[in-house]
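Engineer: what shape does this take:
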Amino acid sequence: MNTKTKGYILGSIAAATYGMNPLFALPLYKGGMNPESVLFFRYIFAIPILAVMIKARGRSFRVSRKETITLIAMGILVAISSLTLFQSYNYMEAGIASTILFVYPIMVALIMSLVFKEKLTLMTGLCLVLALGGISMLYNGSDGTTLSLTGTLLALASALTYAIYIVGINQTTLKNTATLTVTFYVLVFGVTLFIIRLLTGIELITPDKWYLWLNILALAVFPTAISFLCTTSAIQYIGSTPTAILGALEPVTAIIFGICIFGERMTVRECTGIIMILVAVTMVIAGGSITLHMTRFRKMFPRLSRKNK
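Structural biologist: Numbering: from 1, shown residues only. The predicted model follows:
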């Protein structure tokens with residue numbers, strides 16, 4: 001299996017597992033927990049899992065001072081992304097929030113273009129317009145009411161911070177650092193955000209039923225440890241933009257669980273918006289291939305010179 005294939009497989013696993021967030025988080029909300037409490041326990045459970053994996057593989061916990069500064073920044077970005085996404089679940093259906101989050105691949109493409117001078121093609125620009133159009137289609141809820149502006153802004157903030165994280169992992173001193181080590185410290189520094197919020201007035205609510213603890217454990221394993229590990233590995237194999245684009249599986253996973261398990265309903269308008277977003281990012285994935293095939297097609301029909309007319 002070559003490097004690119006590994007990267008695409010890992011990116012797909014990362015996206016699918018991250019889309020499991022609503023599956024395990026919503027029952028905890030129904031159990032009376034707030035986003036800060038859910039995320040605090042999620043990170044606290046995930047950190048020792050990664051520590052055991054580092055020890056089992058004989059990897060080192062040691063990082064340089066320069067890497068530590070970068071890891072602090074990456075940890076805070078991931079924590080903000082998690083917190084704003086989980087807060088958005090209080091204002092809109094999880095499937096819609098996850099779909100809005102899905103604009104982060106477009107944000108990654110824009111950041112790479114504006115900051116790192118990666119060429120922004122016409123195809124990417126058109127896809128950005130299509131994705132934003134899809135979001136506008138989603139701005140009506142399933143009951144006909146307008147979605148919460150607060151919820152929409154929270155989901156977009158989650159997308160932006162996650163996009164910056166994906167770019168940062170590939171463009172900083174962490175690019176060649178062991179994946180397990182990076183993920184471990186990202187969670188260690190990320191959990192400090194939730195500790196600060198809990199110390200400044202947010203109530204820490206613990207689960208009162210045994211099966212809710214299983215939900216927290218599942219949150220720590222699938223959309224946290226596995227997803228972040230696979231994301232970091234995929235970025236190292238195929239880069240930031242392709243990894244972000246593979247996030248197409250995130251809203252699909254979240255929507256499937258939302259409909260099948262939580263009984264969420266989708267209107268024709270919402271389905272149209274989701275399709276627009278998925279098409280936009282799919283076009284970004286296939287952008288290079290489309291351009292290549294169009295070029296080959298044009299070469300089959302060369303222009304006639306004036307002398308031959």
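
Engineer: please, which helix or strand holds residue 194?
Structural biologist: helix 179-199 (DSSP states H and E).

Engineer: what of residue 86?
Structural biologist: Counting by DSSP H and E, residue 86 is found in helix 65-88.

Engineer: any buried residues in that helix, and which?
Structural biologist: 67, 70-88 (16 or more other Cβ atoms under 10 Å). In short, each C-beta sits where N, CA and C put it, glycine included.

Engineer: kindly report the same for stretch 39-46.
Structural biologist: The neighbour-count check on stretch 39-46 (16+ other Cβ under 10 Å) flags 39, 40, 41, 42, 43, 45, 46 as buried.

Engineer: looking at the residues you listed, which are in helices?
Structural biologist: Here DSSP state H is the test, and the buried residues of stretch 39-46 give 39, 40, 41, 42, 43, 45, 46 as lying in helices.

Engineer: pipe these into CSV and attach distance to residue 229 and pLDDT per row.
Structural biologist: Below are these laid out as CSV (distance: Cβ to Cβ, whole Å; pLDDT from 0 to 100):
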residue, distance to residue 229, pLDDT
39, 18, 95
40, 20, 96
41, 19, 96
42, 15, 95
43, 14, 96
45, 15, 95
46, 10, 95
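
Engineer: out of those, flag the one nearest to residue 202.
Structural biologist: residue 40 (9.4 Å; Cβ to Cβ).

Engineer: could you tell me how far the closest residue in space to that closest one that isn't next to it in sequence is located from residue 16?
Structural biologist: Closest residue in space to residue 40, ignoring its immediate chain neighbours: residue 194 at 4.2 Å, by Cβ to Cβ, 6 or more residues apart in numbering. Going from residue 194 to residue 16 by Cβ to Cβ, to the nearest Å gives 25 Å.

Engineer: where exactly do the helices run in the protein?
Structural biologist: Secondary structure of the chain by DSSP H: the helices cover 3-18, 21-30, 35-56, 65-88, 94-101, 104-114, 122-137, 149-171, 179-199, 210-220, 227-238, 240-245, 249-260, 268-300.

Engineer: kind regards, and thank you for your time.
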